[in-house]
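Student: Requesting a structural model of the entry that follows:
(chains A, B and C)
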Amino acid sequence: MSAERTWQIVLGMLPPVCLIALWHGIATAGWAPAALLPLPSAVFARLFEQLHNPVFLQHAATTLFRLFAGFGIAVVVGVMLGIAAAGSRRLEALLRPLLRVLAPVPKIALYPALVLILGFEHASKVALVVADAVFPILLATYQGAATVEPKLVWSARAAGASPRRTLLTVVLPAALPAILTGCRIGLVISSIVVFLAEMLTSTDGLGHLLIYASRSFQTVDMFVPLITISLLGLLLNAAINALQKRLLAGFPDAG
Amino acid sequence: MIVIEGLTKSFEPTRRQRHLALGDLSLSIAEGEFVSILGPSGCGKSTLLYVVGGFVPPTSGKVVVNGKAVTGPGPDRGPVFQEFALFPWKTVLGNVMYGLLEQGVPRALAESKARALISLVHLAGYEDFYPKQLSGGMKQRVAIARTLAYGPKILLMDEPFGALDAHTRTGLQRELLEIWERDRKTVLFVTHSVEEAVFLSDRVVVLTRSPGRIKAMIDIDLPRPRRRAELLVDRRYQTFVVEIEGLMDTQGQGRQ
Amino acid sequence: MSLKVASASAVPPLLACLALLAGWEGAARVLDINGLPPAYDALRELPAILSDREALLNIAASLRRMLTGFVLALLISIPVGLAMARSPRVAALCNPLLMLIYPVPKAALMPIIMLWLGIGDASKTIVIGLGVSLPVIYHSYQGARAIEEKLIWSAAAMGMRPAARLLRIVLPAALPQIFVGIRTGLVLALITMVTSEMIARQAGVGSILFNALDMAQYASVYAMIVIIGVLGFVLDLLFERLRAKLVAWAEPSHDIAVGTA
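Tutor: Predicted structure coming up:
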């Protein structure tokens, strides 16, 4: 490992480490009551404990289930609509104003409505995730598909592919880098939204655990779900990175 | 084979502007002819190619290929582009097989045909490489192989060697002629280079500056097969080049 | 954008709104459940809410908190983003920390921050500020990074000192991307505001919304959703106009809405 790279890693670890040290300092100095600010060591110990606790893991699994269900649906819908809109002027003209109106609306505001219609269980949360995640995926797919080099499309059409086949065999793969970028954003949004929804109305999941802990003033237990979701986000991001490397093997590296 | 009548093409990049790329152009190309289209930048020579290929619709006029009007792209007219336009997510083999598979050829047969073509363009051994791992000249060979794979009767080549260095260029010119000699397809070849046009073609069509119209047509009746070393010192070749370069130099606006 | 094109482009979104309302009305009638009142009922509640002085004050206070957090975040985030772009050391310092914070919903910090700072404005403003910071930092960073080195070299060769270069070359060139970040930040500010109020349940549009939910005043719930939606749309529209004016020379941006808190 080069000296520069080592230095970068060290620098990168500095702020989190300093923050934890600061946290530890404030907690031990007694500037804040222990009830409000637990020791970082206490928090991490509890985190470790919970990660071996089947009840906690069950909640985490519930959250993950809702996250992936919503994200999966959003990917299918977003990619299909995005590719189709790139191939059809009419569809694009239909979708564009709808998206223009809906995109700046905070979808979380829809959550009460979703709860009223779909109930308090998984469905409303999955629906919220879909509503939030589909936008970046659709937009990225459309943009990627609409800016495919025309000569690629021409080459395919001349080779005998129908317009539909061309969309599937050329436009879709060519748009893959953009689609994956949109998916990456969509995945983060999914994890954020599912957590929030669970905080607002839920009887299970990581978000619920946070609210439950806050109601019983268990500050240590409030930190644990937050750290878990942060780590989860990092893991998912790394997963998408790995997926990108595999799927985009042939593409010239982006700048 | 190809009959172009009264072709005009105008573009409207914005609502207010209109650019007439081709103005009332008529041209006939016989089967098996190798025709080069020459002209200054922006004279619409690529546009002409795209209209014949069916990628771009004409504003007015007709293009008839083999008795049928052109309404869209098709495997009877195979393009080769300057930027290669290879599918980056497919290997060399995958690229060359594409047209065959789209036409319903069974996979095993498609693969063997593709491999034969890859050998033909001297790229045997590179079947599993991705385009980004290849040099410019190699990429263009793959593009040519990919087009040849679906057996077009007409080749539409848009400055195919323009992005390559001089040495690779002359090598590919020779290879192109070797391939062409085999089944004498009809070729429409757009280029900037007078020498290239004279070296390769049976006929050279010189276009005027935009709006492109035919300025001159010169029959190149040099004997085939053509060898670069012989032609470079051939008096008649040199005369052709000088004459056509002279035509290119005195380009004015519009018609002669 | 010429006036003609601008007004022509207002028609499709209006049609889209009407289509959505019609779809809502239709779905409500077909499904016929308590939880989905027809659009007309919900819209009828709007005057009642909007003429209620207390509700209006609540909404105004929400917006005030949002804008405060928003502006504060901008003042800090843009320089941070620019600094990260110009100095790889600063970038190496900040990036991992930001990556840890990114997946955490800022509004989820509300319970903890409320424990520390109470349920007043401060906690919400801080959370909003945090929510806005990340996209603004990211886009400022990307915008400044993408500037052609040659521009900077020319300026340096002409004798411009680093501070001047930052202000007069880097900042303007990065401005289009910065504005994309600000736009995203605005969206996030609104979302974080609504969500934090939903969690705190004390004041603001979010709490009105959830209180109506608790009291089964379904029509009011939907009316509040419409209000929030309109707020989001109008804020975004105003900002887009501002952005188009200020960075008219930039390519149109196809920004992918970075989305929620």
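
Student: Could you check how far the residue in the stretch 51-200 of chain C that chain A sits nearest to is from chain B?
Tutor: Here the stretch 51-200 of chain C gets closest to chain A at one residue, residue C:103, 2.1 Å apart by Cβ to the nearest Cβ. For glycine as for every other residue, the C-beta is placed from the backbone atoms N, C-alpha and C. Distance, residue C:103 to chain B, using Cβ to the nearest Cβ, to the nearest Å: 30 Å.

Student: just the helices in chain B please.
Tutor: B:45-53, B:92-102, B:107-120, B:136-149, B:166-183, B:194-200, B:228-232, B:235-249 (DSSP state H).

Student: Ok, the stretch 101-250 of chain C next?
Tutor: C:110-117, C:121-145, C:149-157, C:162-165, C:171-200, C:205-214, C:218-246 (DSSP state H, counting those that start in this stretch).

Student: Measure how buried residue C:97 is and give me the count.
Tutor: Counted with other Cβ atoms under 10 Å in any protein chain shown, the neighbours of residue C:97 add up to 17.

Student: Is the helix or strand hosting residue A:237 positioned near chain C?
Tutor: When elements are assigned from DSSP states H and E, residue A:237 belongs to helix A:219-247. Yes. Using Cβ under 8 Å from any Cβ of the partner chain, helix A:219-247 reaches chain C at A:219, A:222-223, A:225-226, A:229-230, A:232-234, A:236-237.

Student: Packing partners of that helix?
Tutor: Of the remaining helices and strands, those touching helix A:219-247 by 3 or more Cβ pairs under 8 Å, 6 or more residues apart in numbering or on different chains; DSSP states H and E are helix A:40-50, helix A:54-87, helix A:176-200, helix A:206-215, helix C:88-101, helix C:110-117.

Student: got TSV for these, with mean pLDDT and distance to chain B too?
Tutor: Formatted as TSV, those follow (pLDDT from 0 to 100; distance: least, Cβ to the nearest Cβ, whole Å):
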stretch	mean pLDDT	distance to chain B
helix A:40-50	88	41
helix A:54-87	93	15
helix A:176-200	89	7
helix A:206-215	89	37
helix C:88-101	83	27
helix C:110-117	83	45
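
Student: hey, which of those is tucked in deepest?
Tutor: Neighbour counts (mean count of other Cβ atoms under 10 Å in any protein chain shown) averaged over each of the helices and strands packed on helix A:219-247 peak at helix A:176-200, with a mean of 25.

Student: For it, name the packing helices and strands.
Tutor: Helices and strands touching helix A:176-200, by 3+ Cβ pairs under 8 Å, 6+ apart, are helix A:54-87, helix A:122-146, helix A:206-215, helix A:219-247, helix C:171-200.

Student: Of the residues of helix A:219-247 next to chain C, just the buried ones, PyMOL syntax please.
Tutor: Buried residues within these, by 16 or more other Cβ atoms under 10 Å in any protein chain shown, are selected in PyMOL with:
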select buried, chain A and resi 219+222+223+225+226+229+230+232+233+236+237
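
Student: Chain B: which of the residues of helix A:219-247 next to chain C is nearest?
Tutor: residue A:237 (23.1 Å).

Student: In contact with that closest one, which residues?
Tutor: Residue A:237 is in contact with A:184, A:187-188, C:99, C:103, counting by Cβ atoms under 8 Å, 6 or more residues apart in numbering or on different chains.

Student: If I follow the layout properly, residue B:29 ends up in contact with residue B:187?
Tutor: No. Judged on Cβ atoms under 8 Å, residue B:29 makes no contact with residue B:187 at a distance of 9.1 Å.

Student: For these two, list the residues in contact with both.
Tutor: residue B:35.

Student: Report the buried residues of stretch C:204-216.
Tutor: Applying 16+ other Cβ under 10 Å to stretch C:204-216 flags C:204-210, C:212-213 as buried.

Student: Then stretch C:46-57?
Tutor: C:46, C:49, C:55.

Student: Considering these, which is situated nearest to residue B:169?
Tutor: Nearest to residue B:169, judged by Cβ to Cβ, of these is residue C:46 at 71.1 Å.

Student: what residues are up against the closest one?
Tutor: Residue C:46 touches C:223, C:226-227, counting by Cβ under 8 Å, 6+ apart.

Student: what about the stretch 101-250 of chain C, any weak spots by pLDDT?
Tutor: Where the stretch 101-250 of chain C drops to pLDDT under 70, the residues are C:250.

Student: Next to chain A, which bits of it? Give me the list.
Tutor: Residues of the stretch 101-250 of chain C lying near chain A (Cβ under 8 Å from any Cβ): C:101-105, C:107-109, C:111-112, C:115-116, C:187, C:190-191, C:194-195, C:198-199, C:209-210, C:212-213, C:218, C:221-222, C:224-225, C:228-229, C:232-233, C:235-237.

Student: Put the buried members of these into a ChimeraX selection.
Tutor: Those of those that meet the burial criterion (16+ other Cβ under 10 Å) are gathered into one ChimeraX selection, given here:
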select /C:101,102,103,104,105,107,108,109,111,112,115,187,190,191,194,195,198,199,209,210,212,213,218,221,222,224,225,228,229,232,233,235,236
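
Student: Please work out which residue of chain B is closest to chain A.
Tutor: Taking Cβ to the nearest Cβ, chain B has residue B:99 as its residue nearest chain A, at 3.4 Å.

Student: quick one: pLDDT of that residue?
Tutor: According to the prediction, residue B:99 has pLDDT 91.

Student: Same check on residue A:253?
Tutor: Residue-level pLDDT assigned to residue A:253 equals 58.

Student: now do residue B:217
Tutor: For residue B:217, pLDDT reads 90.

Student: That one: what's it in contact with?
Tutor: With Cβ under 8 Å, 6+ apart, residue B:217 has these contacts: B:203-206.

Student: contacting residues for the nearest residue to residue B:51 once chain neighbours are set aside?
Tutor: With Cβ to Cβ, 6 or more residues apart in numbering or on different chains as the criterion, residue B:51 has its nearest non-adjacent residue at 5.1 Å, and that residue is residue B:58. Neighbour list for residue B:58: B:7-9, B:51 [criterion: Cβ under 8 Å, 6+ apart].

Student: Try it again at 6 Å.
Tutor: B:7, B:9, B:51 (Cβ atoms under 6 Å, 6 or more residues apart in numbering or on different chains).

Student: quick one, phi psi at it?
Tutor: phi -70, psi 160 (degrees, to the nearest 10).
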